[in-house]
Every structure is written in structure tokens, then in C-alpha cells.
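Chemist: Sequence first, then the predicted structure, then my questions.
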Amino acid sequence: MARIAQGDKLAFSRFLNRHLAAAVNFAMGYIKHPADAEDITQEAFTRVWTKASSWRDVGASPKAWLYRITYHLCIDEIRRRRPTDPVDTMELVADSASKPDTALLRKQDSAQLATALDALPERQRTAIVLCALRGFSNKDAALTMDSSVEALESLLCRGRRRLREIIREPSGVVS
């Protein structure tokens, strides 16, 4: 990040190549249209380039900082939209080269999980996505969400409990 702050285009290019796809997928967890998610991700990387000197190595990785920027841009976009605009959830299972019936079951499980995640409050969903699906440490996820580790752990606990309740409901729909 220090090299990016000094204007090192090669360092920025490496950072971009390493994190672009994951950042777009993360944004798509909040923004329905892929083009809009890509625009938000582009803005996030622009901010990384222009504000790299403001990043401080205080235990949070540059990746967590990128996700924090992306997260805030997504939330800002959601707030700008009409309340009736649906918020799409991310694709949770990659295409599988396995047997078609196995791929279908995975897709159904993925759809059920996506529906359940979508039913969670935004901060609980974000905590679960960052930690369980994106592999963030609790510390990095907390920094991404402008939260304490204790508050993040509480969000994770409540979110997991609610996910279990939603998945156990006969219709799979929140009542």
C-alpha cells in the first residue's frame, strides 16, 4: 500500500488484479445489476489509488480496507435507490463440473441460502458474508464494518441463529 501511495502503478496493478473479481462479487451481494456493481468496484479502486496515503497499517489488511470502501459505496447506493428496488444476493456456489443432479442440488441449496441471507438485517448479512463466505478474520470484518470485534461477534451469533430459524421454516420464507 505504501508503494501505491507513492504512485507505483505496477503495485496498484497487482493489487487490482489480485482483488478485482472478489470485490465485484462482494458488491454484487448488495447491488442487483452487475454493471452497477462493477461501477461501484471501479470507484472503490479509484479511491484506493487516490487515498492510498491515508491507509494505516494498524492491523487491518489492504484487502479489508478495499472491502470497507466497497461496502460503504454499496450502502450509499442502496440508500439512494427507491425503497422498492430489490437488493440482489451474491452467487454463492460456483459452476460445477460435477454430475448434473449434484449441480442442481447445490444450486437449490445456494438459492435457499441466498434467500435466507437476504432476509437478514443488512449488518448481520454483511458480517456473515465477510466471515463465512469471504474468509475475513473477525478483526478485518469488524474494521470493514466500522465496528468492534465484540459487536461483530454478536452480529454473527444473531445472524447464524436467525439463518437456522429461516432455513427450518417449512416454506423457507420469513414470517
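Modeler: All right, it came through fine.
Chemist: domains of this protein?
Modeler: Using automatic domain parsing, the domain ranges for the chain come out as 1-88, 93-175.
Chemist: For this protein, give me the ranges with low pLDDT.
Modeler: Where the chain drops to pLDDT under 70, the residues are 58, 82-110, 170-175.
Chemist: what's the residue closest to the geometric middle of it?
Modeler: residue 26 (3.5 Å; C-alpha atoms, centre = their mean).
Chemist: can I assume that residue is in contact with residue 70?
Modeler: Yes: contact criterion C-beta atoms under 8 Å: residue 26 and residue 70 qualify, at 5.8 Å. All C-beta atoms are positioned from the backbone trio N, CA, C, and that covers glycine.
Chemist: which residues of this protein fall in helices?
Modeler: 2-5, 9-28, 34-51, 62-80, 100-119, 122-128, 138-144, 149-168 (DSSP state H).
Chemist: which helices and strands does the fourth one pack with?
Modeler: Counting by 3 or more C-beta pairs under 8 Å, 6 or more residues apart in numbering; DSSP states H and E, the packing neighbours recorded for helix 62-80 are helix 9-28, helix 34-51, helix 138-144.
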